[in-house]
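Chemist: Here is a sequence together with a model predicted from it:
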Amino acid sequence: MISKTQISKRVKRKTNPELVGTIELARKNNLLELGKRLSGPKRFYKKVNLGDLDKLKEEKILVVGKVLGDGEIKKKIKIAALGFSDSAKEKLKKADCKILTIKQAIEKNPKLEGVKII
């Protein structure tokens, strides 16, 4: 487990103001595991294809990383991620999915109840 203090120390190395704000919001809401993953090295962020997301049972998904457009999405989901490829955005909009940033997802659901974190 990581402490709020350790997350604060890691944030000092980040230069993206939006990412820093997201990490701080996660820390304030006691989402320490999410804060740890976001404040860690970028090479540990996930890259997830739409085909993989379509196989999941959950309808609310948070990706610590980027969503890529390989594969098809056949169900309506709410998805939050650090980034989306252009093709992934296009396919998600066609499937009538709700696209959010991680910060927006935390603001709407502070405890991230019912959300699958990848």
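Modeler: Right, received. Where do you want to start?
Chemist: Now for residue 36: which residues touch it?
Modeler: The contact partners of residue 36, by Cβ atoms under 8 Å, 6 or more residues apart in numbering, come to 2, 6, 7. Glycine gets a C-beta too; all of them are placed from N, C-alpha and C.
Chemist: so is it in a helix, a strand, or just coil?
Modeler: What DSSP: H, G, I helix; E, B strand; the rest coil gives for residue 36 is helix.
Chemist: just to revisit the earlier point, can you redo the contacts of residue 36 as a markdown table with distance to residue 37?
Modeler: Converted to a markdown table, the contacts of residue 36 look like this (distance: Cβ to Cβ, whole Å):
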| residue | distance to residue 37 |
| --- | --- |
| 2 | 10 |
| 6 | 13 |
| 7 | 10 |
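Chemist: Now which of the residues you listed would you call buried?
Modeler: residue 7 (16 or more other Cβ atoms under 10 Å).
Chemist: among the contacts of residue 36, which are in helices?
Modeler: 6, 7 (DSSP state H).
Chemist: Give me the lowest-pLDDT entry from the contacts of residue 36.
Modeler: Lowest pLDDT within the contacts of residue 36 is found at residue 2 (83).
Chemist: Help me confirm that residue 106 is found in a strand?
Modeler: No - Residue 106 is assigned helix when assessed by three-state DSSP, not a strand.
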